[in-house]
Structure formats: structure tokens, C-alpha cells
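In: Predicted model and sequence follow; I will ask about them next.
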Amino acid sequence: MSILDTFFSIPRAYKRIISVCIDLIFIQVAFWGAFWTRLGEFDEFFKSEYWLFVAFLSVITIVFFVRIGFYRAILRYLSVHAIFTLGLGAIFSTVAFIITTYFYNIWVPRSVSVIYLCYLFILTGGARLSIRLLFSQRSIRRKPNVIIYGSGVAGRQLVNLLRQGDELNPVAYVDDNRKLHKHVLQGLTVYNPNKLPKLVKKCEIKKVLLAIPSASRSQRRSIVESLVDLPVEVLSIPNLDDIVNDNVSVAQLRDVPIEDLLGREPVKPDNNLMASNITDKVVMVTGAGGSIGSELCRQIIKLQPKTLLLFELSEFGLYSIDKELTEYAAHRDLDIKIIPLLGSVQRINRLSIIMKTFSVDTVYHAAAYKHVPMVEYNVVEGVRNNVFGTYYTACAAIEANVSSFVLISTDKAVRPTNVMGTTKRMAELGLQALAESEAKKESGTRFCMVRFGNVLGSSGSVIPLFKRQIKEGGPITITHPEIIRYFMTIPEAAQLVIQAGAMGKGGDVFVLDMGQPVKIVDLARNLVKLSGLDIKSEANQYGDIEFKFTGLRPGEKLFEELLIGDSVGKTTHPRIMTANEQFLSLEDYEQLIQSLDSACHDFNHEDIRQILLDAPTGFNPTDGIGDVVWLKKHNLECSVVENRVV
């Protein structure tokens with residue numbers, strides 16, 4: 001351990017004693033130094049009255065330093081306030097110097113007091129600044145160098161935080177504002193972003209911290225793409241609200257949000273559409289504990305319904321969302337009844353009693369089994385939950401005179417190649433059939449369906465899986481190098497679902513504009529590079545993360561579609577379209593599901609498969625029957641494979 005380390009490790013009480021002793025020496029040096037500077041001789045040095053005066057001055061100065069809390073300041077965090085306090089102490093000592101010499105008739109040239117003030121301030125302040133500088137240099141040597149992208153309020157606040165901590169050492173800013181280039185802020189030079197490659201190499205940069213909370217998503221995407229090929233880890237600070245409220249800490253630095261890689265700007269929601277089916281009404285969300293269901297609940301509670309019913313099969317899922325929403329409402333003093341209800345959408349009596357008892361106005365049906373392989377391996381339960389669960393919930397809504405019913409559907413319902421997508425299309429057909437019947441009534445239930453693709457951060461999403469695999473050192477598992485998917489953030493999807501539901505007239509199939517599809521392998525590649533790692537391949541044997549292609553799973557498609565055919569119409573919302581598609585009469589649909597119910601009851605997978613093929617769903621399976629129980633029963637090979645990506 002070095003002498004400096006030994007000094008910094010001693011108890012604070014001893015440090016204060018050392019500081020007092022050093023300041024006593026500084027007072028002596030300042031006094032005699034002022035005399036020598038003014039007179040160039042030390043005749044007074046041998047006179048006792050001057051030594052008694054210096055002793056008195058030392059005591060009164062130290063007492064004043066103690067009283068103003070000068071010795072409570074921590075040197076490593078020495079601030080402007082501490083320097084101001086030091087100056088105040090030096091001025092007091094000088095005033096005491098002048099008053100004492102005047103009343104006790106001690107001869108001192110007037111200029112000596114001014115010189116004393118300067119020397120005392122320089123000695124006491126300089127010593128402390130030197131200690132702080134030594135500590136800073138010691139800390140800097142131990143901290144990895146980082147560059148702050150963005151020199152605004154957020155960037156400057158981040159620099160202050162980093163300098164106080166022991167994790168990272170900021171060495172420069174980069175900013176797109178040309179007016180700031182080559183200027184110095186907080187001791188750091190602001191550079192043009194095109195200087196980044198040179199800075200990374202020259203300063204041995206390990207991380208780039210994005211401090212651009214007010215930038216648009218397209219701007220952030222452009223910036224992130226410019227950083228992808230640099231051998232650095234890219235991290236981001238929280239949102240602008242946290243910056244404004246001084247809630248930012250180094251611990252809150254996070255990976256670049258994946259939506260920044262997509263770069264699509266969310267459209268501001270229409271407040272009238274958002275409130276239409278929710279404000280001051282009784283709203284019920286099925287599947288309230290799931291990814292989409294829980295976000296719907298978060299958006300709904302902001303619109304202040306009279307009552308929000310949370311219907312969920314999972315006890316833990318229901319507990320979690322109920323606790324979150326209850327705390328949210330209490331914190332904001334919202335007068336909203338939040339009612340947690342356990343139950344299955346396959347129990348029509350339970351659904352009907354709930355809707356009638358609470359006089360439900362609006363239902364958002366998000367309860368579904370959505371994972372392609374899980375439904376492929378559990379066909380009967382998938383059909384029961386997705387097809388019959390939706391139909392029973394819709395029938396209960398009609399019986400309870402619910403005004404609006406919105407089904408959360410999926411792009412996998414379009415020309416499905418798997419059972420999950422087919423069951424969702426069957427659910428859509430059921431609602432379309434009921435909507436046609438209800439349209440004949442003046443006050444019937446309005447049914448509509450909202451169809452969209454993958455949402456970022458949902459359970460089973462590829463993003464958390466990729467991040468976990470990167471953290472574990474790989475490999476990253478991807479089913480196929482050419483697989484592409486549509487993506488949307490959960491909050492945006494939930495807002496669009498609410499707005500689409502408000503536009504429904506009966507039987508509408510709404511399709512959300514998902515933007516451009518994303519190649520999954522490109523998404524994974526960017527995540528690896530933004531983590532400051534290299535991809536291991538034949539051309540780069542010393543890379544960090546390997547990609548492993550496992551092959552498409554049963555029923556999985558290379559790409560998803562949002563429309564059946566080309567018949568699409570516009571709505572008043574730029575991100576919501578309507579699809580005009582084939583549907584069945586209620587009589588035909590009821591005959592269809594009666595046959596399906598019988599086949600499910602008998603566990604007759606051959607009949608289930610044939611019924612789904614004969615229905616107008618466009619089902620075109622790429623694999624045979626995959627139900628694991630049926631395969632075992634028939635002594636066939638089970639193809640359940642773990643750790644593959646949807």
C-alpha cells in the first residue's frame with residue numbers, strides 16, 4: 001500500500017487533527033512570510049510580542065475554522081462552497097489580525113495584513129486542492145475511460161456524477177452541435193462525432209454513454225448505428241423526466257433500448273379515442289397479468305375508468321399487476337376501483353356473472369396462449385383457450401350487454417402455418433360471426449379485432465434471451481439466418497389497441513402499422529457490438545460471441561404478414577388500418593366449433609387437424625401433429641427442442 005493509500009485510509013477524526021496541525025503551520029508561514037515579503041528582513045522574528053500575537057491569531061483562526069464547519073468538508077469532494085468557506089475563514093483571520101494589532105499597539109505595516117490574507121488563502125486552499133487532485137488522479141488511474149455523447153444538461157450532470165463515483169472516468173464530450181466543437185465544458189473538450197474512432201483508440205475508451213434523452217427515436221437510431229462498429233460498449237441514461245428531477249445515478253446506466261435500433265417514431269395518441277371507451281366506465285381486461293394485458297391496464301388506469309376489473313388465470317400474475325396498479329392509484333390519489341379476479345376464460349358462467357355483476361362497459365380480451373411451440377406441443381389446450389375461451393368471453397359480453405369488445409390478435413393469424421396462428425384466426429372468425437348477428441340489434445355489443453406483430457420486452461421475446469446469452473458468453477441461438485419479424489414497443493401497441501377499439505363499428509379487423517420488418521440476425525449482431533464484443537466466426541476465430549442457427553421449429557415461418565389479400569382500408573389514425581376479409585355466418589361457425597369441441601373432448605388430433613384445415617383460416621401446416629401427449633401415445637418421436645428463438 002502506498003503512502004497516499006495509507007493517508008486516505010486513516011480514520012476521519014485523525015485526518016481532522018492533521019488538518020488542524022497543518023493549518024497552524026500555514027498561519028505561522030503566512031504571517032512571517034508576509035513580513036518578509038514587505039520588509040525583506042526578520043528583525044521582528046526575535047521579539048516575543050510578535051510570537052504571542054501569532055499564537056493568539058492561530059488559536060482564534062482555528063476556532064473560527066471549526067465553527068464554520070471547515071474541517072467537516074471531505075477533501076475528495078471539495079466544492080466551490082468549500083472554497084468560499086475557506087476564503088471567509090481567511091478574511092476573518094485577517095480582520096482579527098488588524099483589530100488585534102490596532103488595540104494592542106503592535107507595529108505592523110498595513111500592507112502586511114493584505115499579504116497575510118493572500119498567503120493564508122493560497123496555503124490552506126492550495127493544500128486542499130492538491131489533496132483533491134492527488135485523490136482524483138489516483139481514482140482516474142483505476143477507472144475505465146468513457147466518452148459522453150451529448151453535452152447538454154443531461155451530459156453535464158452525468159459528468160458530475162461520474163467524477164464523484166469510483167466506476168467511470170469521463171475524458172471528453174462528443175456532440176452534433178458544431179457551435180460547441182473544441183469548446184471546453186467542465187474541463188472536458190467537446191469533439192465532433194466523426195472524431196470518435198480516433199478518440200476511442202487514443203484514450204483507450206471502454207464505453208460510450210448516451211446522454212441524449214430529448215433526442216427523437218430516429219435521431220437516436222442514427223447515433224447508435226454510427227457507434228455499432230466501434231469496439232466499445234454503448235450505454236444510455238434514463239429518460240428526460242429523471243434528468244429534470246435529479247433522479248439519475250450511475251447505477252441507472254442501461255443498455256441501449258432496443259427501440260432505438262428500430263428508430264420508428266411513435267405517433268402521439270388521440271386523447272379522444274383513448275378516453276372514448278374507458279373514462280368513467282367499467283373496463284375489464286382478460287389476461288391482465290400478461291405482457292400486453294398488463295400494459296393495457298397501465299394505459300387504462302391513466303384514463304381514469306370508474307372500475308377496472310383484472311381477470312387472470314395466474315395467481316402470481318394477478319397479484320403483481322394488482323399491486324402495481326393499486327400503488328399507482330394511491331400515489332396519485334385516483335378514485336378508481338381496482339378489482340382482481342381469478343378465473344379462466346374457458347368458464348363462461350364465471351365470465352357472465354362477473355360482467356353482469358359489475359355492469360362492464362368495455363372488454364379487452366388479451367388472454368391467450370401465444371407461443372408457437374407451446375401450442376404446437378399442447379394442441380387441445382391451445383384450441384380450448386384461444387378459440388373457445390374467446391368465443392365464451394364474447395358470448396358472456398353479449399349476455400351482459402357489454403358495449404365494446406376488443407380482441408387482441410396477432411400477425412400469425414394471417415395464412416397460419418402453425419396451430420397457434422390458426423386458433424387466433426378461428427377466434428377472429430368467431431367474433432366476426434357474432435358481430436354480424438349483433439349488428440341487427442340497435443344496442444348490441446360492438447366487436448372488433450386488433451392484429452399486430454411482436455412486441456419488445458414481452459414474455460418469450462428474443463431480446464431478453466439474446467441479452468442473457470450475451471451475458472453468459474454465448475452462443476446466441478437463432479432459428480434461421482433469414483428470419484424476419486415486425487416489432488413494436490408494448491406501450492405503443494397498447495395505446496393503438498385502445499384507439500382502434502374506439503373506432504370499431506362491428507366486426508372490424510384492425511391492422512397496426514408495424515413499420516419495416518427487422519432481420520433477427522441483424523438485431524442480434526447489433527446487440528453484441530453495442531456490448532463492446534466481437535462476433536466469433538470462421539473469419540474471426542478470436543471473437544467473443546458465436547451465433548448458432550438451430551433451424552425453424554414446428555410451424556414457424558421465416559416472415560409474418562399482417563393482411564390476408566390486398567384489401568386494406570385507411571382510418572383516421574395513421575398507424576391503424578382496416579382489413580376486409582372472409583368470414584362465416586354465426587350458424588356455420590357454431591357448427592364448426594361443435595365439431596371442434598367434440599374432437600378436443602375425444603383427444604382426436606387427426607380430426608382437430610382436419611377441422612382446422614377445412615375452416616376458412618388459410619391454415620397451411622409445415623409440420624405434422626406436434627402434440628407431445630399424442631406423439632407419446634402413438635409411440636412417435638417427440639420433437640420438443642429447448643432454447644430456440646420464436
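Out: Yes, it's here.

In: what about Asn105, distance to Ser58?
Out: With distances defined as C-beta to C-beta, to the nearest Å, the gap from Asn105 to Ser58 amounts to 20 Å. No exception for glycine: its C-beta is placed from N, CA and C like everyone else's.

In: cool, and Tyr542?
Out: Between Tyr542 and Ser58 the distance is 65 Å, computed by C-beta to C-beta.

In: Who has more neighbours out of these two?
Out: Counting neighbours by other C-beta atoms under 10 Å for Tyr542 and for Ser58 shows that Ser58 has the greater number, 18 against 6.

In: Now the more buried one: closest residue in space that isn't a chain neighbour?
Out: Taking C-beta to C-beta, 6 or more residues apart in numbering, and ignoring the residues beside it in sequence, Ser58 has Ile27 as its nearest neighbour in space, at 4.7 Å.

In: Look at the one you found and report its pLDDT.
Out: Note on Ile27: pLDDT of 76.

In: And for Cys21, the neighbour number?
Out: Counted with other C-beta under 10 Å, the neighbours of Cys21 add up to 11.

In: For it, give its distance to Phe65.
Out: Using C-beta to C-beta, Cys21 is found at 12 Å from Phe65.

In: Kindly report the same for Thr572.
Out: When distance is defined by C-beta to C-beta, Thr572 is 71 Å away from Phe65.

In: circling back to that earlier point, secondary structure element for the residue nearest to Ser58?
Out: For Ile27, the element it lies in under DSSP states H and E is helix 12-39.

In: by how many degrees do the next helix or strand after that helix and helix 12-39 diverge?
Out: Following helix 12-39 in sequence order, the next helix or strand is helix 48-67 (DSSP H and E). When axes from the mean of the first three to the mean of the last three C-alpha atoms, to 10 degrees is applied, the directions of helix 48-67 and helix 12-39 differ by 140 degrees.

In: ok, and for stretch 306-319, which residues are buried?
Out: Of the residues in stretch 306-319, those scored as buried under the neighbour-count criterion (16 or more other C-beta atoms under 10 Å) are 306-313, 317-318.

In: Tell me the one among these nearest to Asn378.
Out: Distances from the buried residues of stretch 306-319 to Asn378 were compared by C-beta to C-beta; the smallest belongs to Leu313, at 14.5 Å.

In: Please verify my assumption that Leu552 contacts Ile478.
Out: No - look at Leu552 against Ile478 with C-beta atoms under 8 Å: they stay out of range, at 10.5 Å.

In: more crowded one of those two?
Out: Neighbour totals were compared for Leu552 and Ile478, and Ile478 leads with 20 against 16 (other C-beta under 10 Å).

In: For the more buried one, give its distance to Leu465.
Out: From Ile478 across to Leu465, the span is 10 Å (C-beta to C-beta).

In: Repeat that for Ala539.
Out: Counting by C-beta to C-beta, the gap from Ala539 to Leu465 is 25 Å.

In: The two: which has the busier surroundings?
Out: Comparing Ala539 with Leu465 by other C-beta under 10 Å, the one with more neighbours is Leu465, at 17 against 7.

In: Just confirm the more buried one is within a strand.
Out: No - the assignment for Leu465 (DSSP: H, G, I helix; E, B strand; the rest coil) gives helix, which keeps it out of a strand.

In: Give me the pLDDT for it.
Out: At Leu465 the predicted local distance difference test score is 78.

In: What of the one 10 residues further on?
Out: If you check Pro475, the pLDDT there is 83.

In: quick one: it and Glu546 touch, right?
Out: Yes - the pair Pro475 and Glu546 passes the contact test of C-beta under 8 Å, sitting 4.2 Å apart.

In: if we can go back for a sec, from the buried residues of stretch 306-319, which two are the most distant?
Out: The largest separation in these, counting by C-beta to C-beta, is between Lys306 and Leu313 at 24.9 Å.

In: In contact with Leu434, which residues?
Out: Taking C-beta atoms under 8 Å, 6 or more residues apart in numbering as the definition of contact, the neighbours of Leu434 are 391, 394-395, 398, 445, 447, 586.

In: so what's the backbone phi/psi at it?
Out: Note on Leu434: backbone dihedrals following degrees, to the nearest 10 are phi -70, psi -40.

In: remind me which residues of the stretch 101-250 of the chain are low pLDDT?
Out: In the predicted model of the stretch 101-250 of the chain, residues 104, 125-126, 128-142, 164-166, 238-250 satisfy pLDDT under 70.

In: Now do the helices in the stretch 351-500 of the chain.
Out: Using DSSP state H, counting those that start in this stretch, the helices found in the stretch 351-500 of the chain span residues 372-377, 379-383, 389-399, 419-438, 462-471, 490-503.

In: Nearest to Glu327, out of those?
Out: Closest approach to Glu327 among these (C-beta to C-beta): helix 490-503, 18.6 Å.

In: buried residues in stretch 110-117?
Out: With burial defined by 16+ other C-beta under 10 Å, the residues of stretch 110-117 counted as buried are 112-113, 115-117.

In: hey, C-alpha coordinates of that stretch in CSV?
Out: Written as CSV, here are the backbone C-alpha positions of stretch 110-117 (Å, rounded to 0.1, in the frame of the first residue of the first chain):
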residue,chain,number,x,y,z
ARG,A,110,-0.8,47.9,6.8
SER,A,111,0.2,46.1,3.6
VAL,A,112,1.3,43.1,5.7
SER,A,113,-2.3,42.2,6.6
VAL,A,114,-3.2,42.1,2.9
ILE,A,115,-0.3,39.9,2.0
TYR,A,116,-1.1,37.7,5.0
LEU,A,117,-4.7,37.2,3.7
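
In: Give me the contact list for it.
Out: If you take C-beta under 8 Å, 6+ apart as the criterion, stretch 110-117 is touched by 30-31, 33-35, 37-38, 90-91, 93-94, 97-98, 101.

In: Which PyMOL command selects the buried ones in the residues you listed?
Out: Selecting in PyMOL just the buried members of those, where the criterion is 16+ other C-beta under 10 Å, is done with this command:
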select buried, resi 30+31+33+34+35+38+90+93+94+97+98+101
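
In: Count the neighbours of the spatially closest residue to Phe53 that is not a sequence neighbour for me.
Out: In space, and not counting its chain neighbours, Phe53 is closest to Ile106: 5.7 Å by C-beta to C-beta, 6+ apart. By the other C-beta under 10 Å criterion, the neighbourhood of Ile106 contains 15 residues.
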